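J.: Got a predicted model here, sequence first, then my questions.
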Amino acid sequence: MTYKEEAADLFSVSEEYYLAHCISADFGMGKGIVVEFNKRFDMKHKLQNGYPGYLDGFMKSGIKGDCILEGRVLNLITKERYFHKPTLETMKAALEKMREICVKEEITKIAMPTIGAGLDRLKWEDVTAQIKDVFYDTGIEILVCRLRQAM
């Protein structure tokens, strides 16, 4: 794994990168960077149409976290409802699922914001440690795009 953090616009990275972000199982995309993902990729509509009944299945399955690949977007599902907060356990489960998808689909480059550390209020140092732990033995490049003022 290669891991880098840079001051960069996530949506300006080269198209060879898949973009990752966190969402809820109810696909409620009303705040934060998910609004921009929805605007640029019509993500909420695609997920609602492609995965009807997803929330019920998520709740009944007892899984802690998930990931759905839609186009070049990796949607990390880290909580049940949009107003909930993820935990490090649900984040790790979603990252592990993302890893499975990346290996299966031969995805070698992922760009993401500081997932879980904005509105979701996880500590970035804890999340980055999980990312490095989950992806350590892969050939995947992970680029974290930070806002310029956050550097």
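T.: Arrived safely, thanks for sending.

J.: Quick check: the closest residue to Glu80 other than its chain neighbours vs Ala7, distance?
T.: Excluding the flanking residues, the one nearest Glu80 by CB to CB, 6 or more residues apart in numbering is Ala25, at 5.1 Å. All C-beta atoms are positioned from the backbone trio N, CA, C, and that covers glycine. Distance of Ala25 to Ala7, given as CB to CB, to the nearest Å: 32 Å.

J.: Got the confidence number for Leu119?
T.: For Leu119, the pLDDT comes out at 89.

J.: Hmm, Val35 and it touching each other?
T.: No. Counting by CB atoms under 8 Å, Leu119 does not reach Val35; the two are 10.8 Å apart.

J.: Would you mark the buried spots in the longest helix along the chain?
T.: As assigned by DSSP state H, the longest helix anywhere in the chain is helix 88-105. Buried positions in helix 88-105, judged by neighbour count with 16 or more other CB atoms under 10 Å: 90-99, 102.

J.: wait, Leu143 sits on Ala111?
T.: Yes. Leu143 lies in contact with Ala111 (CB under 8 Å); the separation is 4.4 Å.

J.: Can you check which residues contact both of these two?
T.: 13, 17 (CB atoms under 8 Å, 6 or more residues apart in numbering).

J.: more neighbours, these two?
T.: Ala111 (26 against 19; other CB atoms under 10 Å).

J.: Tell me the bridge partners for that one.
T.: On the basis of DSSP bridges, Ala111 is bridged to Leu19, Leu143.

J.: mind listing what it touches?
T.: Neighbours of Ala111 in contact, by CB under 8 Å, 6+ apart: 10, 13, 17-20, 142-145.

J.: now Ile68
T.: 47, 51, 74-75, 77.

J.: now, the most widely separated pair of the residues you listed?
T.: Farthest-apart pair in these is Tyr51 and Leu74; separation 14.4 Å (CB to CB).

J.: Between these two, which is the more surrounded one?
T.: Set Tyr51 next to Leu74 and count neighbours by other CB under 10 Å: Leu74 wins out with 25 against 16.

J.: Skipping adjacent residues, who's closest to that one in space?
T.: Leu74's closest residue in space is Ala20 (CB to CB, 6+ apart), at 4.1 Å.

J.: now swap in Asn75 and tell me
T.: Nearest non-adjacent residue to Asn75, counting by CB to CB, 6+ apart: Ile68, 4.6 Å away.
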